[in-house]
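**Student:** Build me a structure from this.
(chains A and B)
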Amino acid sequence: MVKRVVVGAHYGSGDWLAQRITAVVMAVYTLLILGIALYNGGLDYALWQQLFAGTAFRIATLLFALALFWHAWIGVRDIWMDYIKPAGLRLTFEVLTVVVLLAYAAWLVQIMWGRA
Amino acid sequence: MSKPRPIYLNLVQIRLPLPGIVSILHRISGAALFLIGIPVALYALQSSLDSAAAYDRLASSFSNPVAKLVLIGLIWAYLHHLCAGIRFLLLDLHKGIELKPARQSSAVVILASLALTLIVGARLW
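**Tutor:** You can find the predicted model right below:
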């Protein structure tokens, strides 16, 4: 029996799982868009406008985007952790990443719901 | 204590095996999608929903050679990240973790994402 003392903040396994679940959500949405495009023989302005007029499609798109931003946060933070050693600089990049992703989320909501 | 191991990190001489190439391309494509892909996609979505005229302007701006290069690069990044991600999920499920199938699936990921990029690019233009 190996007695192992686990140290650290314990967020690793949760992030590992979140990275995979968000990936599956994005893959499903990608297939949905692909299916819609193939079914209609391409996308044009009228179809595009009609798609985004529906609340269900807007919510599906928002879910995709939230999965994407969460996924991007974990992935980009891993990159900063690998290559940026000074703690202060790394923290700065991590905070900037969060701020940018939150701003993107707000921008998307504005695009989809802002014009009513 | 771990025993000392030989360290050989001459990046010019190291030859990455195929799975290593897929792995680093996964990171590079992910970084590109974050830095360029997301803002471009949001901007494009905004223009495309704005009006029919803005939609047409956006579509015709895709014929600019520089825009074309950026766009095809982003499409490749998305498709490579997706294909390599599916491979990583299968590896998590212990599918194809032996050396030979792992190398083969790496080749499949590289070729499939390039082929899909060509198909999407051909459909776009």
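
**Student:** counting contacts, what elements does the helix or strand A:Ile74 falls within pack onto?
**Tutor:** Following DSSP states H and E, one finds A:Ile74 within helix A:55-83. Under the contact criterion of 3 or more CB pairs under 8 Å, 6 or more residues apart in numbering or on different chains; DSSP states H and E, helix A:55-83 touches helix A:12-39, helix A:45-53, helix A:87-113, helix B:18-32. To be clear about C-beta, it is placed using only N, CA and C from the backbone, and glycine gets the same treatment.

**Student:** Give me the residue ranges of chain B where confidence is low.
**Tutor:** Residues of chain B meeting the criterion pLDDT under 70: B:1.

**Student:** If we use 80, what do you get?
**Tutor:** For chain B, the stretches with pLDDT under 80 are B:1-14, B:125.

**Student:** again with chain A
**Tutor:** Within chain A, the segments meeting pLDDT under 80 span A:1-11, A:115-116.

**Student:** Next, the buried residues of the helix or strand hosting B:Ile119.
**Tutor:** Using DSSP H and E, B:Ile119 sits within helix B:99-124. Across helix B:99-124, burial judged by 16 or more other CB atoms under 10 Å in any protein chain shown covers B:Ala102, B:Ser105, B:Ser106, B:Val109, B:Ile110, B:Ala112, B:Ser113, B:Leu116, B:Thr117, B:Val120.

**Student:** Roughly how far does A:Gly88 sit from A:Glu94?
**Tutor:** Distance check for A:Gly88 against A:Glu94: by CB to CB, to the nearest Å, it reads 11 Å.

**Student:** between the two, who's got more neighbours?
**Tutor:** A:Glu94 (16 against 7; other CB atoms under 10 Å in any protein chain shown).

**Student:** Contact partners for the more buried one?
**Tutor:** Counting by CB atoms under 8 Å, 6 or more residues apart in numbering or on different chains, A:Glu94 touches A:Arg77, A:Trp80.

**Student:** one step back: how far does the helix holding A:Ile74 sit from its chain's centre?
**Tutor:** With CA atoms, centre = their mean, to the nearest Å as the basis, helix A:55-83 stands 1 Å off its chain's centre.
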